[in-house]
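Visitor: next come a sequence and a model predicted from it.
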Amino acid sequence: MSQRETLIERLLAESDEFRKLREEHQGHERELDALKASSFLSANQEWRISELKKLKLMAKDRMEAIIRQASQTQSTKTPA
């Protein structure tokens, strides 16, 4: 397991915010997959796809920020 994967596992275990963001991200992905499976999309469905992509990206960006912050905190604690 890579250092990044280990850090993510630790964040999932310890951070309510990170866990919530991951659940939101996965939920948006599932909804996107369901909508994309339709052969025809209404205007509302097209709008929802656009909205889900934005929400998913916002959750991912916040998770990445948390990972970076945790990584920096971890590297300052680790002796050289």
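Guide: Structure received. Numbers count the residues shown, from 1 in each chain.
Visitor: confidence score at Pro79?
Guide: If you check Pro79, the pLDDT there is 60.
Visitor: thought Leu55 was touching Glu24?
Guide: Yes. Counting by CB atoms under 8 Å, Leu55 does reach Glu24; the two are 7.3 Å apart. (C-beta placed from N, C-alpha, C; glycine too.)
Visitor: what about the residue nearest the centre of the chain, helix or strand, and which?
Guide: The residue lying closest to the centre of the chain (CA atoms, centre = their mean) is Lys60, at 3.6 Å. Lys60 belongs to helix 43-77 when assigned by DSSP states H and E.
Visitor: just Phe40 next, same as before
Guide: Phe40 belongs to no helix or strand, assigned by DSSP H and E.
Visitor: separation between it and Arg30?
Guide: 20 Å (CB to CB, to the nearest Å).
Visitor: if you count surrounding residues, which of those two has more?
Guide: Using other CB atoms under 10 Å, the more surrounded residue of Phe40 and Arg30 is Arg30, with 11 against 5.
Visitor: that one: what's it in contact with?
Guide: By CB atoms under 8 Å, 6 or more residues apart in numbering, the contact list for Arg30 is empty.
Visitor: for Glu9, same thing?
Guide: Met1.
Visitor: buried residues in the host helix or strand of it?
Guide: Assessed by DSSP H and E, Glu9 sits inside helix 3-14. With burial defined by 16 or more other CB atoms under 10 Å, the residues of helix 3-14 counted as buried are 7-8, 11.
Visitor: next, the angle from it to helix 43-77.
Guide: Counting by axes from the mean of the first three to the mean of the last three CA atoms, to 10 degrees, helix 3-14 points 100 degrees away from the direction of helix 43-77.
Visitor: returning to what we had before: which neighbouring elements make contact with the helix holding Lys60?
Guide: helix 3-14, helix 16-36 (3 or more CB pairs under 8 Å, 6 or more residues apart in numbering; DSSP states H and E).
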